[in-house]
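> build me a structure from this.
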Amino acid sequence: MSLLVEARDGTARVTGSSPARARSPYPTWFYLPAAIVYGVLFLVPTIASFYFSLTRWTLFESHFVGLDNFVTFFGEPALVKGFVNTLIYGVVTSGAKVVLGLLLAVLLTSRIVARGYLRSVVFFPVLVSTIGVGLTFTVLMDPEQGLVNQTLARVGVEGPGWLTDPSYALLSVALVDIWKGVGLATLIYIAGIVSIPQEYFEAARVDGASGWASFRHLILPLARPATVTVIILSLIGGLRSFDLIWAMTRGGPGFTSDVIASVIYKQYQAGFYGLSTAGNVVLFVVVTAIVLPLSRFLNRKEVEL
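Numbering: from 1, shown residues only. Reported below is the predicted structural model:
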């Protein structure tokens, strides 16, 4: 722990080690169980995936083929479309969750009636099975018999083919993803807002600050750690999304809503196990290449703030 010492000339200097460099209070063996779990559940499968991506394998045998799987994977006709769709899907869903999550958190931390009940309602979709949500909205968005288009027809609006029109399919799934995941973003923002000392808000009210001024100069900067968390988690989830897309469109119509994960799964279904493993490695590298620099950039900005 650092100490402030006064020198003979009257100046102050810092001695001792900083808290960040202080020795851990726990013995080394205390970390061993977590290290074993991490190694077994993450490191070993990751290393095995990198190896099997260089082979043509089945359940009982494998043959080393070098980079052939990656060459074939990047020659996949649907891959470019899958990359573009993955980026669009990740950016749209994460951006919407950040904006809606923050607005809902501000609302649900204000003094409104039934605040606790409304928090539960907003968070409830997070607890529902993703496949169940996908199947339910597939029925609701049916272009002919779906409740969504029937409701629009009652007000004189002709609803589109939400999941059958190539122009709407991917964004329709993204809207469902936002509905399901915004509750978690809201919860994170609520935790960030309630951790802000109330003295700051009281001082702002005494100074005559409006609600918008308090939001802009207090909540936005002081809830930045929550914003960083929501951005990173939502972006990772969006880039890796598969189950909801597969349940609702199976990458269709055609390849218009395919993402990298669905392209990989189609290769696995066709029996190209080494090729699908190579695709998983590519997806891992893509997510890491996007999220890691972004995380460092956002955390650096947070420290500067």
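
> so Glu76 sits against Ile264, correct?
No. With contact defined as CB atoms under 8 Å, Glu76 does not count as touching Ile264 (9.7 Å). All C-beta atoms are positioned from the backbone trio N, CA, C, and that covers glycine.

> mind listing the strands for the stretch 51-200 of the chain?
Using DSSP state E, counting those that start in this stretch, the strands assigned to the stretch 51-200 of the chain run over residues 55-57, 62-64.

> Glu158 is nearest to which of those?
strand 55-57 (50.2 Å; CB to CB).

> contacts for that closest one?
Ser62, His63, Phe64, Val65, Asp68, Asn69, Tyr273, Gly274, Thr277 (CB atoms under 8 Å, 6 or more residues apart in numbering).

> and the residues you listed, which are buried?
Buried subset of the contacts of strand 55-57 (neighbour count, 16 or more other CB atoms under 10 Å): Val65, Asn69, Tyr273, Gly274, Thr277.

> give me the element the last one is part of.
Element membership of Thr277, judged by DSSP states H and E, is helix 273-304.

> let me see the mean pLDDT of that helix.
Model confidence over helix 273-304, given as mean pLDDT, is 84.

> how far does that helix sit from the chain's center?
For helix 273-304, the separation from the chain centroid amounts to 12 Å (computed by CA atoms, centre = their mean, to the nearest Å).

> leaving out sequence neighbours, find the closest residue to the residue nearest the centre of the chain.
Most central in the chain under CA atoms, centre = their mean is Ser234, positioned 2.0 Å from the mean C-alpha point. The shortest distance from Ser234 to any residue that is not its chain neighbour, by CB to CB, 6 or more residues apart in numbering, is 3.6 Å, and that residue is Ser94.

> so the one you found makes contact with Ser241?
No. Using CB under 8 Å, Ser94 makes no contact with Ser241, being 10.6 Å away.

> neighbouring contacts of the helix or strand encompassing Pro225?
Using DSSP H and E, Pro225 maps to helix 224-239. For helix 224-239, the external contacting residues (CB under 8 Å, 6+ apart) are 86-87, 89-94, 97-98, 101-102, 177, 181, 184-185, 188-189, 191-193, 260, 283, 286-287, 290-291, 294-295, 298-299, 301-302, 305.

> if we go to 6 Å?
Contacting residues not belonging to helix 224-239 are listed as 86, 89-90, 93-94, 97-98, 101, 185, 188-189, 192, 287, 291, 295, 298, 302 [CB atoms under 6 Å, 6 or more residues apart in numbering].

> among those residues, name the buried ones.
Here the buried ones among these, as counted with 16+ other CB under 10 Å, turn out to be 86, 89-90, 93-94, 97-98, 101, 185, 188-189, 192, 287, 291, 295, 298.

> and the residues you listed, which two are the farthest apart?
Across the buried ones among the contacts of helix 224-239 (CB to CB), the longest gap, 28.2 Å, separates Thr86 and Gly192.

> quick one, phi/psi of the nearest residue to Gly66 once chain neighbours are set aside?
In space, and not counting its chain neighbours, Gly66 is closest to Leu54: 6.0 Å by CB to CB, 6+ apart. When quoted as degrees, to the nearest 10, the phi and psi of Leu54 stand at phi -100, psi 10.

> tell me, what's the model's pLDDT at Leu54?
The model reports Leu54 with a pLDDT of 89.

> for Leu175, see how far away it is.
To Leu175, Leu54 is 39 Å away according to CB to CB, to the nearest Å.

> who's more crowded, these two?
Using other CB atoms under 10 Å as the criterion, Leu54 and Leu175 rank with Leu54 on top: 20 against 16.

> let me see the contact set for the residue nearest to Ser234.
Contact partners of Ser94, counting by CB under 6 Å, 6+ apart, are Ser234, Leu235, Gly238.

> one more time with 10 Å, if that's ok
With contacts defined as CB atoms under 10 Å, 6 or more residues apart in numbering, Ser94 is in contact with 177-178, 181, 185, 230-239.

> can you check Tyr38 too?
For Tyr38, the contacting residues are Tyr31, Val44, taking CB under 10 Å, 6+ apart as the criterion.

> do that again at 8 Å, thanks
Applying CB under 8 Å, 6+ apart to Tyr38 gives no contacts.

> am I right that Ala204 is in contact with Ile219?
No. Proximity of Ala204 to Ile219 does not meet the contact threshold set by CB under 8 Å, at 10.3 Å.

> and the two? which has more neighbours close in?
For Ala204 versus Ile219, the count of surrounding residues by other CB under 10 Å is larger for Ile219: 22 against 16.

> tell me the SS of that one?
Look at Ile219: counting by DSSP: H, G, I helix; E, B strand; the rest coil, its state is helix.
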